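# Could you work out the structure for the sequence below:
(chains A, B, C and D)
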Amino acid sequence: MEVTRMSSTAGQTYLDQFPAEAKVIKAAFWSSFMALAIGGLLGLVQALHRTDVLRFIDSADYYTVLTAHGVLLAITFTIFFLVGIFTWAVTTSLDRGVVDIRFTWAWYIMMVVGTILVGVSILGGVVDAIPTNADVLFTFYAPLQAHPAFYVGLVLFVVGSWLAGADWFRTWWAWRKENPDERIPLPTFMALTTTLFWYLCTLGVALSILVFLLPWSLGIVDSVNPLLTRTLFWYFGHAVVYFWLMPAYMMWYIMLPKLSGGKLFSDPLARVVFVLFLLLSTPVGIHHQYLDPGIAEGYKFIAMTNTMFLLLPSLLTAFTVVASMEHGARQRGGTGYLGWLKALPWRDPVFTGMALAGLMFAAAGFSGMINAGMNINYLVHNTWWVVGHFHLTVGTAVALTFMAAAYWFIPQVTGKELWSRRLALGQVLVWFVGMTFMSNAMHRSGLFGMPRRTAEPQYQGFDFEPAVGTVGEINAQVALGAVLLTVALAMFLLNMVMTSFNDDSDSLPANTYAGTLSGPEDSPAVLDNLKLWTAIAVVLVIVGYTLPLASIVDSGGLFGPDIGGFQLAIETDPALVLESVREVMP
Amino acid sequence: MRISKGALLVVIAVLVPFVVEFRTALSWFGIELSILESLVLGGMAVLAVVLWAVWPPNGNAEAELSGSS
Amino acid sequence: MASATEQRETDQVHEIGHEEYDPIGTAILIGIYFLILVLLWLFMYFVEFLGNGPTVVGALLTVVGLA
Amino acid sequence: MNIHTYEKAWLVAAMVLIVGFIATITYGAVGPGIAMIDDDAGSIDPNEISDHERFGETGVEHLGGNEYEVNVVAQAWAYSPSEIEVPAGSEVTFYVTSRDVTHSFTVVGTNVNTMVVPGQISEMTVQFDEPGEYGILCNEYCGEGHHTMEGLLTVVPEDEFDLTELSTDAPREVEVGNETTINATVSNGMQDGLETTATLEIGEQQYERDVTIDGEGSAELTFDVDTDALGEGEHDWTFTVDDHEESGTLSVVSETDGGDTNE
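Residues are numbered from 1 along each chain as shown, chains lettered A, B, ... in the order given. Here you go, the predicted model:
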């Protein structure tokens, strides 16, 4: 499949081709950027507070800030960008618009409403005028209890994303009627397989919220089983990280080769990779619960085995993507064993951003392998190591790829030229350097036991003992990194805002993606059999989760032994701390 | 220039993690660098890379690579 | 300024097809990555983890003790 | 399907890597015998922790030999007990549960680390070979005071460790010339018998008793104090068994000053 397949639309931007869809995508991108702006700024507040460099909030409020940071960046920023990019991918690669643009706007608005509900309910933690509280962090482990609006908002957001998936499937079905014998174009294939495992994994969190947490927060039921809702969260909680990652993978597969001046090395392997993600993303969640009581060691071992095999698609991706870049470099005149690296378009911020994101993902892959190991988890569980890890994955592999992609996509959907390519190049480099400092120090401090999720990791009775250097040096490194990241964030937002003030341009590149060296004609037709892969994925989930869930329900009861909700504030009388506070809930 | 300015910036950025972790790696061999020493070492590494990049390469390799910026 | 995608047309000096392309550079890079992964894994597991003091052990296997 | 030779080689290498990782973890479980927290300790109703046979009374218990049990209740934002002392060379099984929300019980700088989920009991067995002092912290967010939740675990040299507890019962005031007694109870929490010397010092006087207490037993000691020899005035006393002390003050007053307050 060549880019020339879209010859009918050659020279046209996405805005020219699909003006109606371009508007929704632009709205989704801007929602994503706003979440990034607020969430990123809160990240700076936390980094400076934790490291005791600058403290201007109460340590008690730190957790409200942390909840907002987590939800806005891990959920809102990533998923809004995802729905934008997947809508682009489906319409561009199928060369047809969505079936009904009103439906597209409907899911977008639903996601916005969900976000606002969640955001306001979290904000209630620091603004007295808002009578809500949702200081439960983005994992909302019961029996910490949030205001019902928090759970309702999450449900609306997730259902909105479900409808977005339905939108892509409808568009594909419409295309299928007109093209009954064609292979699914690769970008659409990626969007659809990702949507399928999203449906599969979000069932867990939907069940957890709708059946247990929401009725409990409303006072309809009195009790929850904390281990059960926690397990259902992680049933969703690992697949969600692949949900964020898949748009970045898509960019690496279909944009990076083109930007490098070459073609995707192998379309069939790309399909295999996405099928593996569909199969293995969900039945691995228990690896977040290696140190949980109430789950037998055998189930943990099974989850670990699945997790380790989930490395395979990422390792394959590393090869295919780098080989595609090398292909581009050699077509541009690069030579030698490694001399071709010099021939890559390093001045292009879109390319450089994505390439550096990929490089950091290689490092993140290593810390992820440690996290995946079952007994070595004793060393790193819930330490700052884990935070270092996911700032390399979602915080760089995903976020930096998205920002780099935005430098290409925003001109495509607005018809305006990027304000400054030099600023953009500087931005991706500053982000890379900032994250190097921050994430490196976080990993290091995790190894000497510094915990995550804490406002003041300075204890009365003992000190941390780093293997090298001092705690102060580690903290300085984190603070420096956080400042650099905030600078990079400001550079990105400035570029985006100034671009939107630019005049319309007619010299923009056409809306295309990479061709392939080895095309879909090389891949077995069975790879496109989505029903088959979905069925196998469901079977794997049933195998992986039936017994652990049954044993959790068996030992703790479906609704637990009379466990009420807690909102543990410092001013609470210590005697009351031990009691359920549902009575004071509005 | 042996490499483009963009590539030079990227090389310098990628040096950062190496400089940071070099200190940790050395400590396993009993050599403890202070932060200042690390900074000086990093500065020297950057300087070396910049010199290498702007130094005219041997022969006519420059002409060959000029299109790759 | 021309965008990256337009540069491609002008920058491409020759076309390389699937049959004539061997990603040797990729093989070298990924080989280095493989070595780094193996060495770091061994270091993390046997030095950082097993050397990290008391560890949770099974009651039945305690005779073995910790290295 | 058309896969390049290098890519096939990488596929094989990737599988080797994956299998190697799983093999390493399996070695850790079988060789050094690292066990995961699992569901052996069962579930518990958090509302009934105080009446629970294990958690009704928290702290260190001797099982016999070098085996000990430590029962810990975590709650916002403290551990009960917050300070734990065990001997070196011991094998200690921790049982931890939560009274309210999810916490962790994490011994800093070691691989002793477990989540503490309400409704569940975490059980982990640890060998402490060397003396040392470790911080304990909660690494799961548990409310606004989360960062203040900490404890201390001390591994003391074996010969400095016991589970001896003292309690005393002594009059505050006595008339000079009257007979009085100071009663003391020494309890031995160890399963092994305890042979030691108990000492009461009061003023210039010193009384010594050899005591032998069975495992899990206690001894009652009665010291007759000669008030004539003490004379009128305030007399500090100290009751000592090994490293444990209880102390108080006895006032000896003249006959006319007050009544007999003995008992």
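# so who does the spatially most central residue of chain A touch?
Chain A has A:Trp244 as the residue nearest its centroid, 2.9 Å off, counting by CA atoms, centre = their mean. Applying CB atoms under 8 Å, 6 or more residues apart in numbering or on different chains to A:Trp244 gives the contacts A:74, A:78-79, A:82, A:394, A:398. C-beta here means a position set from N, CA and C on the backbone, and glycine is covered the same way.
# Return the subset of those lying in helices.
Among the contacts of A:Trp244, the residues falling in helices (DSSP state H) are A:78-79, A:82.
# Let's have the residues you listed in CSV, adding neighbour count and distance to A:Pro187.
Shown next, in CSV, are the ones in helices among the contacts of A:Trp244 (neighbours: other CB atoms under 10 Å in any protein chain shown; distance: CB to CB, whole Å):
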residue, neighbour count, distance to A:Pro187
A:Thr78, 24, 18
A:Ile79, 26, 18
A:Leu82, 27, 13
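# about what we covered before: got the contact list for the closest residue to the residue nearest to the centre of chain A other than its chain neighbours?
In space, and not counting its chain neighbours, A:Trp244 is closest to A:Thr78: 4.1 Å by CB to CB, 6 or more residues apart in numbering or on different chains. Neighbour list for A:Thr78: A:32, A:243-244, A:394, A:398-399, A:402 [criterion: CB under 8 Å, 6+ apart].
# ditto for D:Ser218
D:Ser218 touches D:185-188, counting by CB under 8 Å, 6+ apart.
# Which of those fall within strands?
The strands, defined by DSSP state E, take in D:185-188 from the contacts of D:Ser218.
# which among those residues gets closest to chain B?
Nearest to chain B among these: D:Asn188, at 47.9 Å, using CB to the nearest CB.
# quick one: contacts for that closest one?
D:162-164, D:194, D:213-218.
# Quick one: which of those residues is the most crowded by neighbours?
Highest neighbour count within these: D:Leu194, with 22 neighbours (other CB atoms under 10 Å in any protein chain shown).
# Just grab the bridge partners of that residue for me.
Counting by DSSP bridges, D:Leu194 forms beta bridges with D:Ile213.
# lowest confidence element among the helices and strands of chain C?
Least confident helix or strand, chain C: helix C:4-11 with a mean of 48, by mean pLDDT, DSSP states H and E.
# and the next element down the chain from that one?
The helix or strand immediately downstream of helix C:4-11 is helix C:24-42, counting by DSSP states H and E.
# Just list what that following helix packs against, helices and strands only.
Where contact means 3 or more CB pairs under 8 Å, 6 or more residues apart in numbering or on different chains; DSSP states H and E, helix C:24-42 is packed against helix A:311-331, helix A:349-372, helix D:5-30.
# What angle do helix A:349-372 and it make with each other?
Put simply, helix C:24-42 runs at 30 degrees to helix A:349-372, going by axes from the mean of the first three to the mean of the last three CA atoms, to 10 degrees.
# What residues of helix C:24-42 count as buried?
C:24-27, C:29-30, C:33-34, C:37, C:40-41 (16 or more other CB atoms under 10 Å in any protein chain shown).
# Run the chain-centre distance for the next helix or strand after that helix.
With elements assigned by DSSP H and E, the helix or strand that comes after helix C:24-42 is strand C:56-57. Offset of strand C:56-57 from its chain centre (CA atoms, centre = their mean, to the nearest Å): 30 Å.
# Thank you, goodbye.
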